[in-house]
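[1] structure, please.
(one chain, ligands or ions: 2)
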Amino acid sequence: MTVTDESRPPAAQPFQADVARLLHLMVHAVYSDKSVFLRELIANAADACERLRYESIAAPALLGDDPKLRVILALDAGNRQLAVEDNGIGMSRDEMVEALGTIARSGTKAFLDRLEATRDAEDTALIGRFGVGFYSAFMVAERVDVISRRAGTETAFLWSSDGKGTFAVAPADPVIAPRRGTRVVLHLMDEAKSYAERATVERLVKAQSGHVPVPIAIVEKPGAAPSEITDGAALWAKPKSEITAADYTDFYRSIAGQFDEPALTIHFHAEGRQDYTSLFFVPGSRPFDLFDPDRKGRVKLYVKRVFIADDADILPRYLRFVRGLVDSADLPLNVSREKIQESPLLATIRKSATGRVLGELERLADKEPQTYAKIWETFGAVLKEGLYEDFERRDALLALARFKTTAAGDGWRSLKDYVGSLKTNQTAIYYLAGDHIGGLETSPHLEGFRARGIEVLLLPDPVDSFWVMSGVSFDGKPFKSVTQGTADLAAIPLIDAKDEAAPELQDSVKKFLVFVQGTLGDAVAQVRASERLTDSAVCLVAPDKGPDRALERILAGAGRLTAASKPILEINPRHALIVALAGLGDDERAFKEDAAHLLFDEARVLEGDRPADARAFSERLARVLGKSLHKGTA
Ligand code: ADP
Ligand code: MG
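    Ligands and ions are numbered 1, 2, ... in the order given. The predicted structure is shown next:
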């Protein structure tokens, strides 16, 4: 968009549809803590100052005779007005339309969909947990005017809206417009008039925005002199001993756009090859954009206190839930942002900072396993992406990984725990992947393992199917899917010794297996007797090579399975039903054929699939049921 016809009349323009939805939710949500709007507007004002500070390195003239960047809160209780004013970068006309009329942030739309779809109490609380941004102003204001003058330009513009579907933009009166930067004027609703009073505003700023790295001053009433209420000192540059837990939480909330408590705070100063300070937070709950396809990180980069970039890829994608910043003392300031990002110095910082975060997680896992378990529960699915993306740190990540297993009950097990309780002759780490833990726990594939007391990792996340296939091992033990290949369990004794003497397969059962194979034909790769089943009659397994059953399903779902391998149907030769079927004579051939197909369908259903042919399935089922009824009444 490059149209900048300044004489355009102030026609009302509609908001982009998503903005209208967000506004509607915002105004109608029973969100109790409306005061977050102030934190959002101050954050925007401070961002604008930081962006100008950065641009002025290359173009000092932008600062003109007003070099001290600051935010001013101007109160006018008599007129029920609160203005948040900055002398930062400002917005051009087009930037205003773009920034205040559309939602650029990816993930917001997905978030809105979720919010609208569920609408339960918990989700209403969610709206307060993500950075609601500029539009939160409409929770307290019946009209919002934004007057802005882009640094280095002449004309100022006025954006105005009542938040009910449209906004208007027009040139602003140059006399009242800020000389540089933006003034956001809230015409407060009657019930929100206390936001024009000093006591309320000052308390909120100290509680919510006390560590914004730009000073904030207050103008108590029109014409009064500004008085500074926060000094804009960088919290991260202070010695740790001077920072309280409340300071950290406050800073975390303003930098992370989260409303919870951080689960872990990592503040350190690195010296040596690179001199930098880092302040990282692991959030207490999942940020709403955690599973955005772009997997963007949210660690800010500063150089000597000057904000450079929102996301300089400082931490790898699998640590994208970490919020915070890195402030380097060594990176050059007077080169382009791109140059900084490509600098080998930054590469060193990335490496060191990543190692530090993983190290702190490891330490926490050691010292406070409960706290760590909570972090794993929240972010484990993301951390596990590193198992196949970051080969170099795979061992560290395997040590951090926690699992639900058949032996863990409600708790979490580490791989160290797992290999510490291997059964005699057990040479692999067994796992079962799928899409939810409940379905995994009841899978027939586990029966033979349970009967031998062999622990099996239950892997419910989509990412699991990928990393386990990437040639990984732990403590010299490979990972092996229980839905794949032969189970090789014979060498491991059963817990219940009376079942021990696995009898030779009866001839009739052997013949029955051949019969089933013949009946199913091409639908299966093989029909064989199972070692892994004890209670169920049948299950499907994947061939030894290639993806296991869970990965096949994921690939098929994504349309990426070129040729599905045929499953192997395993039959439990000791199951009463199988023994009885095997005992039937040739005169029952039609019945046995129906049974063979139904057994195959049963195995599919046990995996959460559908019968191969729903119509044929129901006909067979009807015939078989009919026959048993007939017997009962005969
Ligand atoms: P976010 O801050 O996460 O980008 P917001 O809804 O808070 O989302 O703000 C939207 C956009 O509006 C900002 O990204 C910025 O481009 C613009 N903006 C808002 N307030 C200001 C301001 N005071 N000065 C300059 N630009 C602003
Ligand atoms: Mg914002």
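
[2] and the residue of the chain found nearest ligand 1, how many neighbours?
    Residue nearest to ligand 1 within the chain: residue 133 (2.5 Å; C-beta to the nearest ligand atom). In this view, the C-beta of every residue, glycine as well, is placed from N, C-alpha and C. When neighbours are defined as other C-beta atoms under 10 Å, residue 133 has 20 of them.

[3] how about the residues of the stretch 151-300 of the chain by ligand 1?
    residue 182 (C-beta under 6 Å from any ligand atom).

[4] related to what we said a few turns ago, any idea how far the residue of the chain closest to ligand 1 is from residue 377?
    As judged by C-beta to C-beta, to the nearest Å, residue 133 and residue 377 stand 28 Å apart.

[5] ditto for residue 608
    Noted for residue 608: a distance of 24 Å to residue 377, by C-beta to C-beta.

[6] ok, back up a step: my guess is the residue of the chain closest to ligand 1 contacts residue 37. True?
    No - counting by C-beta atoms under 8 Å, residue 37 is not a contact partner of residue 133; they are 9.5 Å apart.

[7] ok, residue 273 touching residue 348?
    Yes - under the criterion of C-beta under 8 Å, residue 273 makes contact with residue 348 at 5.8 Å.

[8] more crowded one of the two?
    Higher neighbour count among residue 273 and residue 348: residue 348, with 17 against 11, using other C-beta under 10 Å.

[9] how about the secondary structure of that one?
    helix (DSSP: H, G, I helix; E, B strand; the rest coil).

[10] quick one: pLDDT of it?
    Listed pLDDT for residue 348 reads 94.

[11] can you check the one 5 residues further on too?
    Per-residue confidence for residue 353 comes out at a pLDDT of 96.

[12] count of neighbours near the closest residue to ligand 2 within the stretch 301-450 of the chain?
    Ligand 2 sits closest to residue 310 of the stretch 301-450 of the chain, with a gap of 11.0 Å, by C-beta to the ion. Number of residues near residue 310 (other C-beta under 10 Å) recorded here: 13.

[13] quick one: residues contacting it.
    Neighbour list for residue 310: 298, 300 [criterion: C-beta atoms under 8 Å, 6 or more residues apart in numbering].

[14] how does this protein divide into domains?
    Domain assignment for the chain by automatic domain parsing gives 5-233, 237-372, 502-544+565-633.

[15] mean pLDDT lowest for which of the ones you listed?
    domain 5-233 (a mean of 86).

[16] what is the burial count for the residue of the stretch 151-300 of the chain found nearest ligand 2?
    Going by C-beta to the ion, ligand 2 is nearest to residue 257 of the stretch 151-300 of the chain, at 7.6 Å. Residue 257: 22 surrounding residues under other C-beta under 10 Å.

[17] and it, its phi and psi?
    Here is the backbone geometry of residue 257 (degrees, to the nearest 10): phi 60, psi 30.

[18] how close does it sit to residue 281?
    For residue 257, the distance to residue 281 - C-beta to C-beta - is 11 Å.

[19] same check on residue 72?
    Counting by C-beta to C-beta, the gap from residue 72 to residue 281 is 29 Å.

[20] same check, this time on residue 494
    Distance, residue 494 to residue 281, using C-beta to C-beta: 49 Å.

[21] ok, now residue 449?
    Taking C-beta to C-beta, one finds residue 449 at 40 Å from residue 281.

[22] just want to know which of those two has more residues nearby.
    Comparing residue 449 with residue 281 by other C-beta under 10 Å, the one with more neighbours is residue 281, at 26 against 22.

[23] is it fair to say that one lies in a strand?
    Yes - when classified by three-state DSSP, residue 281 is found to be part of a strand.

[24] leaving out chain neighbours, which residue sits closest to it?
    Using C-beta to C-beta, 6 or more residues apart in numbering and skipping residues adjacent in sequence, the residue nearest residue 281 is residue 262, 4.0 Å away.

[25] now swap in residue 624 and tell me
    With C-beta to C-beta, 6+ apart, the residue lying closest to residue 624 is residue 594, at 5.5 Å.

[26] outside of the helix or strand in which that neighbour is found itself, list whatever touches it.
    Residue 594 is part of helix 589-606, with elements assigned from DSSP states H and E. With C-beta under 8 Å, 6+ apart as the test, helix 589-606 has contacts from 443-444, 512, 515-516, 519-520, 523-524, 536-540, 567, 569, 571, 581, 584, 610-612, 616-617, 620-621, 623-624, 627.
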